[in-house]
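Peer 1: Just the structure for this:
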Amino acid sequence: MSAREVHLELAIGRRVWTEGDKAIGRLEEVRADDQWRITEYLIGTTGLLERLSVSTLSLFGIAHKPRGYSARWDQVDLSDVRRPRLTCRKEDLQTLE
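Peer 2: The predicted model follows:
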């Protein structure tokens, strides 16, 4: 398998869609290994907080718990970076809280 170049700045902040065309949250953060290969995508509020290095929403006066999903590198299709899509069911993603 050959490496593929992706402009992540175009994907960050975009809604991630399921096969049934339902949005599950925004792509907020990407984790990579020491070779700069994507290992994980963080989707939803929890990913946003990690990207901003914020440990709690109470700093902003928001009372609810942040939620989100962690997707392996192969569970998100970025062939159209403006409309990221899951390659699996939402239930197959790891839930973050």
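
Peer 1: switch to C-alpha atoms for all contacts and neighbour counts from now on
Peer 2: Noted.

Peer 1: got the residue ranges for the strands in this protein?
Peer 2: 15-17, 23-32, 38-44, 68-72, 76-77, 85-86, 94-96 (DSSP state E).

Peer 1: Quick one: residues contacting Asp74.
Peer 2: Going by C-alpha atoms under 8 Å, 6 or more residues apart in numbering, Asp74 touches Thr87.

Peer 1: And it, how close does it get to Glu40?
Peer 2: 9 Å (C-alpha to C-alpha, to the nearest Å).

Peer 1: List the contacts of Arg26.
Peer 2: By C-alpha under 8 Å, 6+ apart, the neighbours of Arg26 are Ile12, Gly13, Arg14, Arg15, Val16, Ile43, Gly44.

Peer 1: With Val81 instead?
Peer 2: Contacts of Val81 (C-alpha under 8 Å, 6+ apart): Val6, His7, Leu8, Leu10, Ala11.

Peer 1: Mind checking which of the residues you listed land in helices?
Peer 2: Leu8, Leu10, Ala11 (DSSP state H).

Peer 1: Pick out the one among those with the largest number of neighbours.
Peer 2: Using other C-alpha atoms under 10 Å as the neighbour test, the ones in helices among the contacts of Val81 are led by Ala11, with 20 neighbours.

Peer 1: Val76 versus that one, what's the distance?
Peer 2: 11 Å.

Peer 1: For the two, list the residues in contact with both.
Peer 2: With C-alpha under 8 Å, 6+ apart as the test, Ala11 and Val76 both reach Pro84.

Peer 1: so where is this protein shaky, pLDDT-wise?
Peer 2: 1-3, 46-66 (pLDDT under 70).

Peer 1: With that, I have no additional questions.
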